[in-house]
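Peer 1: Sequence first, predicted coordinates after that:
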Amino acid sequence: MNYQPRPDDILPLLHGVLDAPALLQALPPFAEADAALQAQVLAEAGKFVAEVVAPLNRDGDETGARWQAGAVTLPPGFADAYRAFWQAGWPALSAAPQDGGQGLPAVLEAVLYEWLSAANHGFTMAPGLLHGAYECLKHHGSQELKARYLGKIASGEWLATMCLTEAHAGSDLGRVRTRAALQADGSVRLAGSKIFISGGEHDLTDNIVHLVLCRLPDAPPGPKGLSLVLAPKLLPDGTRNAVHCERIEEKMGLHASPTCVMRFDEATGWLVGQPGQGLAAMFVMMNSARLHVALQGIGLLDAAWQKARSYADERRQMKAPGATGSEASLIAEHPAVARILDTQRAWIDGARLIAYRTGLQLDVARHHPDAKAREAAQQWCSCVTPVLKAACTQQAFEGASACLQVFGGHGYVREWGIEQHVRDARVTMIYEGTNEIQAIDLLLRKVLPDAGAGLARTLLALRDELDASREADADVQRRFAQLRYLTTHIAMAAQAAPRLPYEVADDYLRLVMLALLGWAWARIEAAPGAASNHAASAAAFRRWVLPEFEMRAGIVKKACEAVAASTH
Ligand SMILES: Cc1cc2nc3c(=O)[nH]c(=O)nc-3n(C[C@H](O)[C@H](O)[C@H](O)COP(=O)(O)OP(=O)(O)OC[C@H]3O[C@@H](n4cnc5c(N)ncnc54)[C@H](O)[C@@H]3O)c2cc1C
């Protein structure tokens, strides 16, 4: 069964709950992007994903990417599908019209990438970094580099990579050793090896634009000494640059995406941004990529759920409690199976609401005429992106595994395709910054430095959307208040025990996600017409998901109390 994008699941959230048409049409570039246009774009996107991308998923996994003598071939059908993808203008959806883009809202691109990942994660890895590369070059590239590369990247005619990781430098990019030497003509020579580079080599596009983190001579050690260099596979005169793919990795999943070992052999490149500002430039790309990885998580979970739901509605085993008649019950009628399905649905729709709100906030941060509104939106994206990345990818893996359980032994064999989602989902917890690094980013870099004031402001904006006279909304506000109290507790305990915030960062991130999910479900249930469609998943959210909030709060509180007890 191939993944089926369902605009009817998305539009009630986007339009009915988040009021996206009004919000977007208030932004000058999107004055024409009314509800009908948004629905039309999503209908076309869903059609493309279902007809062109989804059918290649299974064979892509079976055949995988192939390396031979430095060249990489993607599975049959991928090159044609990618050509159709860029020629239809999908990579350019949210790029600016002056760069050859369609100038549509980022939130629509978010839905597109969620569906693409659900339908074919391996294929989606190829264009997945394009928008980040576009933003990075647009904001940090010289006029000359932009003239040569921005349009091709915006349109997707050329694909881009993000070359950060080295064998000894993974989470700790300050250890990157790849060398760059400035030349008299303004170019640089790059020498070094990168590992795990997604799409480092392939046959989808003529040229590949590598964005490489590297170090100039005499650069200080650590992250401050890093620069960013653009090194294309083909040089402007059409000759081959000294960039080589030495091999591709054999992986647990994601077989259709080549994960490459790349060697830069005195390759030619050009600086993007100032020397020593490489990480700042790269962060533009990484932030965009992190939201995309969160969307991969949501998409993969939905793909696993669709398969499990359909299987549970056909397979019969034993009698469900209270069932009458002689026939065995559908397994969907067994409370244990219903609980699995409804719980994953609660995660999918709740996380979608938070992710789409983040997509909308990206649009506000880029285009709102008022600087204060732009700043508040930026604050939301900064706090919520690591939360979404870590929480949605963890749920993708654990939830896909729960969906596999619905198939019993039939899930463990390849026939039904559910095991591919479990294998593919696992890496999303690792790349784009491991989930541990996301949790530290949230608590240590974004929350504690201003004693939680920024996060509190972000949550306050949500509080304004709630109605305290409704019990569910009052509960949401209580959890926000509890979060503020725990933040203060951690900040105080950290003074005596500096390791503590690192130890509880993961619990803290889960707490923020669960508090946001609580807000999301309160909004979904309050939306006219939405409640009846979501009754089972709303109930599952309250019964099986939300109690984790109290459990995590207890863990954090006890850890802080233990510090207090040991210092008295
Ligand atoms: C399929 C795939 C595709 C990838 N694509 C790309 C790509 O396109 N470009 C690219 O540059 N890289 C890519 N990567 C690399 C990926 O981003 C790294 O694997 C990841 O950043 C982790 O680095 P590492 O593997 O060296 O693990 P390490 O950094 O060695 O981490 C090992 C463990 O230690 C933990 N850890 C490390 N430091 C800390 C800390 N300070 N606090 C808490 N825990 C810590 C980690 O969370 C992890 O659990 C890809 C990887 C894979 C598997």
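Peer 2: Great, that's in hand.
Peer 1: contacting residues for Lys558?
Peer 2: Neighbour list for Lys558: empty [criterion: Cβ atoms under 8 Å, 6 or more residues apart in numbering]. Any C-beta I mention is one placed from the backbone N, CA and C, and that applies to glycine too.
Peer 1: Could you check stretch 22-33 and say which residues are buried?
Peer 2: 23-25, 27, 30, 33 (16 or more other Cβ atoms under 10 Å).
Peer 1: number of nearby residues for the residue in the chain that the ligand sits nearest to?
Peer 2: Nearest residue of the chain to the ligand: Gly170, at 1.7 Å (Cβ to the nearest ligand atom). Neighbours of Gly170 under the rule other Cβ atoms under 10 Å: 17.
Peer 1: mind checking which helix or strand Pro76 is in?
Peer 2: Pro76 is part of no helix or strand, with elements assigned from DSSP states H and E.
Peer 1: pLDDT score assigned to it?
Peer 2: pLDDT, Pro76: 98.
Peer 1: who's in contact with the nearest residue to Glu432 once chain neighbours are set aside?
Peer 2: The shortest distance from Glu432 to any non-neighbouring residue, by Cβ to Cβ, 6 or more residues apart in numbering, is to Val293 (4.6 Å). By Cβ under 8 Å, 6+ apart, Val293 lies in contact with 389, 393, 428, 431-432.
Peer 1: give me the subset of these touching the ligand.
Peer 2: By Cβ under 6 Å from any ligand atom, the members of the contacts of Val293 lying near the ligand are Tyr431.
Peer 1: Neighbour-wise, give me the winner out of the contacts of Val293.
Peer 2: Lys389 (32 neighbours).
Peer 1: Quick check, that one in contact with His292.
Peer 2: No - contact criterion Cβ atoms under 8 Å: Lys389 and His292 do not qualify, at 9.2 Å.
Peer 1: Any idea how many residues pack against Val413?
Peer 2: Counted with other Cβ under 10 Å, residues neighbouring Val413 total 10.
Peer 1: now do Gln344
Peer 2: For Gln344, using other Cβ under 10 Å, the count is 27.
Peer 1: Next, work out how far apart it and Ala338 are.
Peer 2: Remark: distance between Gln344 and Ala338 (Cβ to Cβ, to the nearest Å) = 11 Å.
Peer 1: what residues does the chain put near the ligand?
Peer 2: Checking the chain against the ligand by Cβ under 6 Å from any ligand atom, the hits are 162-165, 170-171, 196-198, 251, 254, 259, 427, 430-431, 434, 436-437, 440.
Peer 1: Just the residues you listed: which are in strands?
Peer 2: Judged by DSSP state E, strands contain the following of the residues of the chain next to the ligand: 162-163, 196-198, 259.
Peer 1: for the closest residue to Ser288 other than its chain neighbours, helix, strand, or coil?
Peer 2: Excluding its sequence neighbours, the residue lying closest to Ser288 (Cβ to Cβ, 6+ apart) is Gly132, at 3.7 Å. In the three-state summary, Gly132 is assigned as helix, counting by DSSP: H, G, I helix; E, B strand; the rest coil.
Peer 1: Could you do Val504 as well?
Peer 2: helix.
Peer 1: Equivalent analysis for the one 10 residues further on, please.
Peer 2: Using three-state DSSP, the structure places Leu514 in helix.
Peer 1: Buried residues of stretch 226-234, list them for me.
Peer 2: 226-233.
Peer 1: my bad, stretch 78-96
Peer 2: Buried, per 16+ other Cβ under 10 Å, within stretch 78-96: 78, 81-82, 85-86, 90-96.
Peer 1: Check what contacts that stretch and list those residues.
Peer 2: The contact list for stretch 78-96 (Cβ under 8 Å, 6+ apart) reads 41, 45, 48, 52-53, 56, 60, 100-106, 108-109, 112, 123, 126-127, 130-131, 134, 138, 154-157, 203-205, 256.
Peer 1: What about these, which are in helices?
Peer 2: When the contacts of stretch 78-96 are checked against helices (DSSP state H), the matches are 41, 45, 48, 60, 106, 108-109, 112, 123, 130-131, 134, 138, 154-155.
Peer 1: ok, of these, which one's closest to Ala377?
Peer 2: Ala106 (11.1 Å; Cβ to Cβ).
Peer 1: Quick one: residues contacting Val337.
Peer 2: Contacts for Val337 (Cβ under 8 Å, 6+ apart) come out as 312, 331, 406.
Peer 1: Pop out the phi and psi values for it.
Peer 2: phi -70, psi -40 (degrees, to the nearest 10).
Peer 1: residue contacts, the closest residue to it other than its chain neighbours?
Peer 2: Nearest residue to Val337, sequence neighbours excluded (Cβ to Cβ, 6+ apart): Ile331, at 4.9 Å. Contacts of Ile331 were listed using Cβ under 8 Å, 6+ apart, and they are 311-312, 315-317, 337, 406.
Peer 1: Next, give me the two most distant ones among the residues you listed.
Peer 2: The distance between the two most remote of the contacts of Ile331 (Cβ to Cβ) is 13.4 Å, for Arg316 and Val406.
Peer 1: Those two: who's more crowded?
Peer 2: Using other Cβ under 10 Å as the criterion, Arg316 and Val406 rank with Val406 on top: 26 against 12.
Peer 1: which element is the spatially closest residue to that one that is not a sequence neighbour on?
Peer 2: Excluding the flanking residues, the one nearest Val406 by Cβ to Cβ, 6+ apart is Ala308, at 4.1 Å. Element membership of Ala308, judged by DSSP H and E, is helix 278-312.
Peer 1: how distant is that helix from the center of its chain?
Peer 2: Centre-to-centre, helix 278-312 and its host chain are 4 Å apart (Cα atoms, centre = their mean, to the nearest Å).
Peer 1: What strand or helix carries Ser94?
Peer 2: Ser94 belongs to no helix or strand, assigned by DSSP H and E.
Peer 1: typo on my end, it should be Ala180
Peer 2: Element membership of Ala180 [criterion: DSSP H and E] is strand 179-182.
Peer 1: Likewise for Ala160?
Peer 2: Element membership for Ala160, per DSSP H and E: strand 159-163.
Peer 1: Could you pull up the mean pLDDT of that strand?
Peer 2: For strand 159-163, mean pLDDT rounds to 97.
Peer 1: list the buried ones in the helix or strand Arg352 falls within?
Peer 2: Assigned by DSSP H and E, Arg352 belongs to helix 335-367. Neighbour counts over helix 335-367 (16+ other Cβ under 10 Å) mark 337-338, 340-367 as buried.
Peer 1: roughly how far is it from the heart of the chain?
Peer 2: Offset of helix 335-367 from its chain centre (Cα atoms, centre = their mean): 12 Å.
Peer 1: going on from that helix, what's the next piece of helix or strand?
Peer 2: Using DSSP H and E, the helix or strand that directly follows helix 335-367 along the chain is helix 371-406.
Peer 1: Show me what that following helix is packed up against.
Peer 2: If you count contacts as 3 or more Cβ pairs under 8 Å, 6 or more residues apart in numbering; DSSP states H and E, helix 371-406 packs onto helix 278-312, helix 335-367, helix 409-412, helix 418-426, helix 435-440, helix 453-463, helix 500-526.
Peer 1: Turn the ones you listed into a markdown table, columns for mean pLDDT.
Peer 2: Output for the helices and strands packed on helix 371-406, formatted as a markdown table (pLDDT from 0 to 100):
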| stretch | mean pLDDT |
| --- | --- |
| helix 278-312 | 91 |
| helix 335-367 | 96 |
| helix 409-412 | 98 |
| helix 418-426 | 98 |
| helix 435-440 | 98 |
| helix 453-463 | 89 |
| helix 500-526 | 97 |
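Peer 1: tell me what the one helix or strand Asp8 maps to is packed against?
Peer 2: Here Asp8, judged by DSSP H and E, is contained in helix 7-11. For helix 7-11, the elements it packs on are helix 35-48, helix 335-367, judged by 3+ Cβ pairs under 8 Å, 6+ apart.
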